[in-house]
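[1] give the three-dimensional model of this entry:
(4 chains)
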Number of protein chains: 2
Amino acid sequence: MTQSGADGAAVGQSGTTRTREDVVLAAGRLFAKRGFHGTSMRDLGEELGMLGSSLYSHVQGKNELLVEVIGRGAGMFNQVVIDAYAAGGSARDRLRRLVHGHVITVVANIDEARTFLFEARFLPAKERAQIVAMRDDYERAYRETIEAGIAEGSFTPNLDPGLTAIFVLSVLNALIRWYRPSGERSAEEIATEIGRFVASGILAEGVR
Amino acid sequence: MTQSGADGAAVGQSGTTRTREDVVLAAGRLFAKRGFHGTSMRDLGEELGMLGSSLYSHVQGKNELLVEVIGRGAGMFNQVVIDAYAAGGSARDRLRRLVHGHVITVVANIDEARTFLFEARFLPAKERAQIVAMRDDYERAYRETIEAGIAEGSFTPNLDPGLTAIFVLSVLNALIRWYRPSGERSAEEIATEIGRFVASGILAEGVR
DNA sequence: CCTACCGATCGGTAGG
DNA sequence: CCTACCGATCGGTAGG
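    Model (predicted):
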């Protein structure tokens, strides 16, 4: 009898030695599906075709995995902001890039995004504080962009920029709740539809 | 030494016998803050000034508490839909009532709303299926209302009703993430701002 | 609502 | 990556 994945568990690639990368990715999958506290090290070992205790040759502990998965999520979103600012253009262009980049990123890294948004409260105090700060920065980028859009005349002047930033991010973050890779709409289509909703709302022209 | 709440734990009303209602409310508080799997029966007992094992004279088990808390959340949201439909009026009026009722309900029952939206996946299979069905009904009410609004000419005809329902609900459901009772805006103000955002978006008039 | 307890499972370690 | 194990904690029960 071989030692790997012969017992029917959902194993990535059986017959191969697992790397730390495999462990982190599998942790993202399980944390996203069952939650951090709903995932045991034994569950995670089973997902990888090994014993829970064997994971400790790859990582120091369960918390480290949560920190790593959420750190990756945070890094991705941070990069979206950097890219959107680096591209230049009007505030309205920048908001379009922020929205588009957010959708693409969530769709391509759904497990990290879910863990980031659902499990961050279970991070150790120090790392939790860092993630909260990062999230504040992210929200600030949206607020600044909305303020700049008002200043340039693209956006309605009587908007509350802080609240509006929250509303836009609400639509974006909810993606982790309803997006399914098997769904009929592509990431591009979703980004376009969200952009349209955020821009114009639902009221017909001329109605008030 | 007395038997209740003399050891510094956060107890509701010390010196009084707790009821099943107290237990369910405390469970909502802890499930909302630490998650279902992050809350032990001993934690819950401590919150109420009793031992974890004593809770079993009020409820049959931990799962029953999750079912009860989420069931209350589901019932509240269901009532909002019933009231909004019963009030009659145009589709646009109905959407206004749905949004207003949702905000008021979340603000007044934040723990149940959080548990409903974050912990439903940990429900036993049968109850989870019921809650998913209820959530589908809720979404359908929004979709129908948007379709009716398009038909009556209030809403933009090129809207995708299903996707738009999701977007509106995204803004509403995100309330459980950012709302703080100590915040500066009242539930009424929040409902008004969300209504404005959903109705008109952020683009300035005449801009396209 | 408490005392006293149960078997199961948890995160994690020593040593190979 | 496994064997063999640790102390702590889990949900829950019997009996009062």
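[2] CA atoms for contacts and neighbours, from now on please.
    OK.
[3] for the lengthiest helix in chain A, buried residues please.
    Among the segments of chain A that qualify as a helix by DSSP state H, the longest is helix A:125-151. Neighbour-count burial for helix A:125-151, counted by 16 or more other C-alpha atoms under 10 Å in any protein chain shown, picks out A:127-128, A:131, A:134-135, A:138-150.
[4] of those, list those near DNA strand D.
    Residues of the buried residues of helix A:125-151 in contact with DNA strand D (C-alpha under 7 Å from any atom of the strand): none.
[5] which residues of chain A lie near DNA strand D?
    Checking chain A against DNA strand D by C-alpha under 7 Å from any atom of the strand, the hits are A:3-4, A:16-19, A:49-51, A:53-55, A:57.
[6] now flag whichever of these is closest to DNA strand C.
    residue A:53 (4.1 Å; C-alpha to the nearest atom of the strand).
[7] and the most centrally placed residue in chain A, what element?
    Residue closest to the average C-alpha location in chain A (C-alpha atoms, centre = their mean): residue A:113, at 2.3 Å. Assigned by DSSP states H and E, residue A:113 belongs to helix A:110-119.
[8] run through chain A and note the low-pLDDT ranges.
    By pLDDT under 70, the low-scoring segments of chain A are A:1-15, A:208.
[9] contacts for the helix holding residue A:113?
    A:28-29, A:31-32, A:35-36, A:69-70, A:72-74, A:106, A:173, A:176, B:118 (C-alpha atoms under 8 Å, 6 or more residues apart in numbering or on different chains).
[10] ok, and the most crowded of those residues?
    The most crowded member of these, judged by other C-alpha atoms under 10 Å in any protein chain shown, is residue A:28 (29 neighbours).
[11] OK, contacts around it?
    By C-alpha under 8 Å, 6+ apart, residue A:28 lies in contact with A:66, A:69, A:111-112, A:115.
[12] what of residue A:68?
    For residue A:68, the contact set (C-alpha under 8 Å, 6+ apart) comprises residue A:24.
[13] distance of it relative to residue A:57?
    Distance of residue A:68 to residue A:57, given as C-alpha to C-alpha, to the nearest Å: 16 Å.
[14] cool, and residue A:93?
    Going from residue A:93 to residue A:57 by C-alpha to C-alpha gives 47 Å.
[15] give me every residue in chain A lying close to DNA strand C.
    So chain A meets DNA strand C at A:37, A:39-43, A:52-54, A:56, A:60-63 (C-alpha under 7 Å from any atom of the strand).
[16] where do the helices of chain A begin and end?
    A:20-34, A:41-48, A:62-86, A:91-108, A:110-119, A:125-151, A:161-173, A:175-178, A:187-200.
[17] quick one: closest of the ones you listed to residue B:200.
    When those are compared by C-alpha to C-alpha, helix A:187-200 sits nearest residue B:200, at 5.3 Å.
[18] in the closest one, what counts as buried?
    Buried-residue list, helix A:187-200, by 16+ other C-alpha under 10 Å: A:187, A:190-200.
[19] got it, and stretch A:178-189?
    Under the neighbour-count criterion of 16+ other C-alpha under 10 Å, stretch A:178-189 has A:179, A:187 buried.
[20] okay, now it: how far is its last residue from its first?
    Note: stretch A:178-189 ends 15 Å apart using C-alpha to C-alpha.
[21] mind listing residues that contact that stretch?
    A:100, A:103-104, A:107.
[22] can I get the helices of chain A in TSV with distance to residue B:181?
    Formatted as TSV, these follow (distance: least, C-alpha to C-alpha, whole Å):
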stretch	distance to residue B:181
helix A:20-34	29
helix A:41-48	37
helix A:62-86	27
helix A:91-108	29
helix A:110-119	21
helix A:125-151	19
helix A:161-173	16
helix A:175-178	25
helix A:187-200	27
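[23] out of residue A:93 and residue A:57, which sits in the more crowded spot?
    residue A:93 (16 against 10).
[24] how close does that one sit to residue B:147?
    31 Å.
[25] equivalent analysis for residue A:30, please.
    Distance from residue A:30 to residue B:147, by C-alpha to C-alpha: 38 Å.
[26] need the contact list for residue A:71.
    Counting by C-alpha under 8 Å, 6+ apart, the residues that residue A:71 touches are residue A:131.
[27] go again using 10 Å as the cut-off
    A:65, A:112, A:116, A:120, A:127, A:130-131 (C-alpha atoms under 10 Å, 6 or more residues apart in numbering or on different chains).
[28] same question, residue A:171
    Contacts for residue A:171 (C-alpha under 10 Å, 6+ apart) come out as A:99, A:194-195, A:197-198, B:166-174.
[29] next one: residue A:45
    Applying C-alpha under 10 Å, 6+ apart, the residues contacting residue A:45 are A:9, A:11, A:23, A:26-27, A:51-55.
[30] what does residue A:139 give?
    Residue A:139 neighbours (C-alpha under 10 Å, 6+ apart): A:133, A:145, A:162, A:165-166, A:168-169.
[31] which single one of those residues is nearest to residue B:154?
    Looking at the contacts of residue A:139 and their distance to residue B:154, the nearest is residue A:168, at 22.5 Å (C-alpha to C-alpha).
[32] just give me the neighbour total for that closest one.
    Residues within reach of residue A:168, counting by other C-alpha under 10 Å, total 26.
[33] distance of the residue nearest to it when sequence neighbours are not counted from residue B:146?
    Once flanking residues are discounted, residue A:168 sits nearest to residue A:198: 6.7 Å by C-alpha to C-alpha, 6 or more residues apart in numbering or on different chains. Separation of residue A:198 from residue B:146 (C-alpha to C-alpha) stands at 16 Å.
[34] ok, now residue A:109?
    31 Å.
[35] now do residue A:107
    Residue A:107 is 26 Å from residue B:146, by C-alpha to C-alpha.
[36] over to residue A:41?
    Note on residue A:41: its distance to residue B:146, by C-alpha to C-alpha, is 46 Å.
[37] go on, residue A:33?
    As defined by C-alpha to C-alpha, residue A:33 lies at a distance of 32 Å from residue B:146.
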